[in-house]
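K.L.:
Sequence first, predicted coordinates after that:
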Amino acid sequence: MSAASSTFARRSSFALLRDVRTPGLAARVTWIGALVLAASACSRTAPAEAPTGAVPAPAELPPLRATPPIATTSAALAVGAAAPALPALRWIQGTPLDAFAPGSAQLVVFWAPWSGTSTQVFARLSELDRRHRERGLVVLAVTGPDGRGTTFETARTRVHELGEFAATRIAYDDGGAWVRTWIGDPERPLLPVAFLVDRTGRIAAKGALSEVELRLAPVLAGQHDLAELVAEAETNEKDLARSADLQRSFHAAYRARDWPLAAGICDELIVLDLVRNRRFAFAKFQLLYLETARTDEALAYARELADGLARDDLGMLNALAWTLVDPHLAPPKRDLELAGRCAQRAVDLSLRRNAALLDTLACVHAAQGDLEAAIGIEEEAARLDPLFAARLSEYRARRAGAK
């Protein structure tokens, strides 16, 4: 097993609400390994895990950074098409609707209870609903029957598990016909898939929520050019296809342990589409740092990421810090100053309300020999999530042994 397949377990590379790193866990999987596994399945199928121990998100959530592992969708409806009328749905949560109000804009997101990535978007959806409801935006999350056993009950149970993170309208399409009208075969597209419908009933954007959200302000203001958006979407589809081809080449190079080729493909993906393929910047760092002798180059690249692409990305900041401090790794050189800088920035951006980010910062202080600071920060993490009590006990035992 390579170093890159023995580090941390992370069910979603960019999950901000909860990091599933378990203190003392011996077998771990890197971000790169997660990309390979995700591509093999061609879908995000992380176990549907409620954000146990998570705390309320800040009032203004940052835009999502997550994107699907293979950047393709099979949505039947294209940008510019007329949105289907609202059918009779079974309502899981929120005020039922018989029809969309004339002149309203709609943000319709299709999700599945078995998809970890799907359920992670609810906090952002709820925030968008709260912020733009008075401006005529209707936010609706819809799921339906599929080959993975999704039922009304499984969907309702998942929504209840998410609690306050899912504070928007959520419905179930009993026959699945409405879902298929929008996205085609529900087994093919990567979920979640978001659609933004303008006030004239035309689809103005589709894809990952983070991308669709970029079109929200001009659509609500009626300042978008639909013809321009249609042309852009057609070009976008070509870029998506090229990106998918490159990602498949990356995974093949990774399995063949051809690290120079894999790193080069990462560069191609970043140049092609920095927004969708930003995670491959971190993948390149891990490849260089863990799988090659180019350690100094890897650390220089990590500093570049920390000051640029990752500066406001909690997930990437935390991943950089953890890779640099992970006690299960034995790289030829560490940069604990950089690890501390990344971990501290992630904690600051999260307003000290994410236990996993606090845990990473505590690990950095412990690696630097400052057990008092590590214990104080780990106490914060353990108060937010009991999962980290074991690490706190470990630090306290080390302090007692040092006296």
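P.N.:
Yep, that arrived. Residues are numbered from 1 along each chain as shown.
K.L.:
Report the contact partners of the nearest residue to residue 168 once chain neighbours are set aside.
P.N.:
Spatial nearest neighbour of residue 168, chain neighbours left out: residue 129 (4.3 Å); criterion: CB to CB, 6 or more residues apart in numbering. For the C-beta atoms, the positions are set from N, CA and C on the backbone; glycine is no exception. By CB atoms under 8 Å, 6 or more residues apart in numbering, the contact list for residue 129 reads 137, 139, 167, 168, 169.
K.L.:
Tell me which two in those residues are the farthest apart.
P.N.:
The most widely separated members of those are 137 and 167, with 14.6 Å between them, by CB to CB.
K.L.:
and residue 206, which of the three is it?
P.N.:
On the three-state scheme (DSSP: H, G, I helix; E, B strand; the rest coil), residue 206 is labelled strand.
K.L.:
and the closest residue to it other than its chain neighbours, what helix or strand is that in?
P.N.:
Residue nearest to residue 206 in three dimensions, not counting chain neighbours: residue 195, with 4.8 Å by CB to CB, 6+ apart. Per DSSP states H and E, residue 195 falls inside strand 193-197.
K.L.:
same thing with residue 142?
P.N.:
With DSSP H and E as criterion, residue 142 is part of strand 137-143.
K.L.:
Tell me how far whatever helix or strand comes next after that strand lies from the chain's centre.
P.N.:
The helix or strand immediately downstream of strand 137-143 is helix 152-162, counting by DSSP H and E. Chain-centre distance of helix 152-162: 20 Å, with CA atoms, centre = their mean, to the nearest Å.
K.L.:
Over to stretch 81-96?
P.N.:
26 Å.
K.L.:
Low-confidence ranges, the protein, go.
P.N.:
Counting by pLDDT under 70, the chain has low-confidence residues at 1-76, 186-189.
K.L.:
Just the strands from it, written as ranges.
P.N.:
Secondary structure of the chain by DSSP state E: the strands cover 90-93, 105-110, 137-143, 169-172, 193-197, 203-207.
K.L.:
who does the top helix by length along the chain touch, helix- and strand-wise?
P.N.:
Counting by DSSP state H, the longest helix found in the chain is helix 226-255. Counting contacts by 3 or more CB pairs under 8 Å, 6 or more residues apart in numbering; DSSP states H and E, helix 226-255 packs against helix 31-41, strand 203-207, helix 259-272.
K.L.:
What distance do you get for residue 396 to residue 363?
P.N.:
Distance check for residue 396 against residue 363: by CB to CB, to the nearest Å, it reads 15 Å.
K.L.:
Just want to know which of the two has more residues nearby.
P.N.:
residue 363 (26 against 15; other CB atoms under 10 Å).
K.L.:
what about the nearest residue in space to that one that is not next to it in sequence, neighbour count?
P.N.:
In this structure, residue 363 finds its nearest non-sequential neighbour in residue 325, 5.1 Å apart by CB to CB, 6+ apart. Burial of residue 325 is recorded as 25 neighbouring residues (other CB under 10 Å).
K.L.:
Just to check, residue 325 is in contact with residue 360?
P.N.:
Yes: counting by CB atoms under 8 Å, residue 325 sits close enough to residue 360 to count as a contact (7.2 Å).
K.L.:
Need the residues touching each of those two.
P.N.:
Between them, residue 325 and residue 360 share the contacting residues residue 343, judged by CB under 8 Å, 6+ apart.
K.L.:
if we can go back for a sec, now do the strand holding residue 195: which elements does it pack against?
P.N.:
Against strand 193-197 (3+ CB pairs under 8 Å, 6+ apart) you get strand 105-110, helix 177-183, strand 203-207, helix 209-212.
K.L.:
how about it: buried residues?
P.N.:
193, 194, 195, 196, 197 (16 or more other CB atoms under 10 Å).
K.L.:
which residues sit in contact with the residue nearest to residue 206?
P.N.:
Residue 195 neighbours (CB under 8 Å, 6+ apart): 75, 77, 83, 106, 107, 108, 109, 182, 203, 205, 206, 212.
K.L.:
out of the residues you listed, who's nearest residue 279?
P.N.:
Closest to residue 279, out of all of the contacts of residue 195 and judged by CB to CB, is residue 212, at 18.7 Å.
K.L.:
Can you give me every residue that contacts the closest one?
P.N.:
Contacts of residue 212 by CB under 8 Å, 6+ apart are 107, 194, 195, 196, 205, 206.
K.L.:
I'd like to know how many residues surround residue 322.
P.N.:
27.
K.L.:
Skipping adjacent residues, who's closest to it in space?
P.N.:
Using CB to CB, 6+ apart, the closest residue to residue 322 is residue 360 (5.2 Å).
K.L.:
can you tell me which residues contact that neighbour?
P.N.:
318, 321, 322, 325, 343, 346.
K.L.:
from those residues, which two are the most distant?
P.N.:
Checking those with CB to CB, the most distant pair is 325 and 346, at 12.6 Å.
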